[in-house]
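K.L.:
Pasting the sequence and the predicted coordinates here, then a few questions.
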Amino acid sequence: MRFCLSPAARRAAGEAFLCTAPILAGFWFVGVSYGLYMHSMGFPFWYPPVMAAVIFGGSLEFIAVSMLASPFAPAATAAVALAVQARHLFYGLSMAERYRGMGWKLPFLVFWLCDETFALNYTARVPADTDRSWFYFFVSLFNYLYWVSGALLGGLAGAALSSLPLEGMSFVMTAMFVVIFLEQLLHERRPWTALIGIAAAAGCLRVFGAEDFMLPAMGLILAAVTLFRRPLERAAGGAS
């Protein structure tokens with residue numbers, strides 16, 4: 001591949017790899033956990049990398065495992081997918097100006113956009129001697145490959161360790177969401193949004209039960225943060 005790339009593209013690839021290297025460890029850890037989790041749910045080893053390559057949705061892929069094991073419900077599946085991944089609408093709007101004029105790279109940049117890629121491409125200071133479009137492209141590509149390869153390793157590891165009990169791996173999804181929630185909570189001095197989420201989830205769990213509380217809770221959270229958007233923004237501004 002090296003001889004097919006221009007010097008500008010190779011320079012951008014080197015810069016992008018240095019920028020994304022810390023993400024490799026995190027993506028492989030979560031990706032391997034995802035592969036093991038899918039295997040513990042009875043799926044063959046090739047499911048995790050295929051799901052990772054096609055969906056590339058992180059948390060949505062964990063949720064999709066239980067959906068695949070549940071009765072066919074396309075409307076509910078689409079609603080959950082939209083609710084979980086709706087933040088990408090805002091990512092896309094924020095990156096629209098940076099990705100302008102990318103030509104053939106644009107479809108790949110759009111599909112490969114995830115939380116980590118957005119954070120890097122939005123905040124990275126691209127060196128003056130580095131082609132910005134190639135830098136964005138390789139950051140997105142490397143993160144995509146990290147996640148897919150991690151899922152593949154997890155699937156292969158699950159198949160190799162098939163004699164070991166892996167039922168407890170289903171807790172990986174719960175642990176991942178708890179860690180994400182705590183990480184966000186630690187960065188908020190006034191955790192009003194966290195309290196809204198906890199109250200909405202607890203209330204809907206009480207009313208609708210464990211099997212049906214997710215969609216009402218997400219709808220209630222969306223309505224609450226929309227209704228109280230200005231007070232929440234003022235509180236966040238005062239905290240900073």
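P.N.:
Arrived safely.
K.L.:
From the contact counts, what lies against whichever helix in the chain runs longest?
P.N.:
Taking DSSP state H as the criterion, the chain has its longest helix at helix 7-40. When contacts are defined as 3 or more C-beta pairs under 8 Å, 6 or more residues apart in numbering; DSSP states H and E, helix 7-40 packs onto helix 47-54, helix 59-68, helix 115-123, helix 132-160, helix 171-186. Every residue, glycine included, has its C-beta placed from N, CA and C.
K.L.:
Next secondary structure element downstream of the last one?
P.N.:
Read that as helix 171-186. Remark: after helix 171-186, the chain's next helix or strand is helix 192-208, criterion DSSP states H and E.
K.L.:
quick one: contacts for the most centrally placed residue in the chain?
P.N.:
Nearest residue to the geometric centre of the chain (C-alpha atoms, centre = their mean): Gly58, 3.5 Å. By C-beta atoms under 8 Å, 6 or more residues apart in numbering, the contact set of Gly58 is 30, 114-115, 147.
K.L.:
same thing with Cys204?
P.N.:
Cys204 touches 213-214, 216-217, 220, counting by C-beta under 8 Å, 6+ apart.
K.L.:
any idea which of the residues you listed is closest to Trp134?
P.N.:
Distance to Trp134, by C-beta to C-beta, is smallest for Met214 among the contacts of Cys204, at 40.3 Å.
K.L.:
Test my guess that the closest one contacts Val80.
P.N.:
Yes: at 6.7 Å, Met214 and Val80 qualify as touching, with contact defined as C-beta atoms under 8 Å.
K.L.:
Could you verify my assumption that Pro48 touches Ala151?
P.N.:
Yes: Pro48 lies in contact with Ala151 (C-beta under 8 Å); the separation is 4.0 Å.
K.L.:
So His39 sits against Phe45, correct?
P.N.:
Yes: His39 is in contact with Phe45 according to C-beta under 8 Å; the separation is 6.7 Å.
K.L.:
Okay then, goodbye and thanks.
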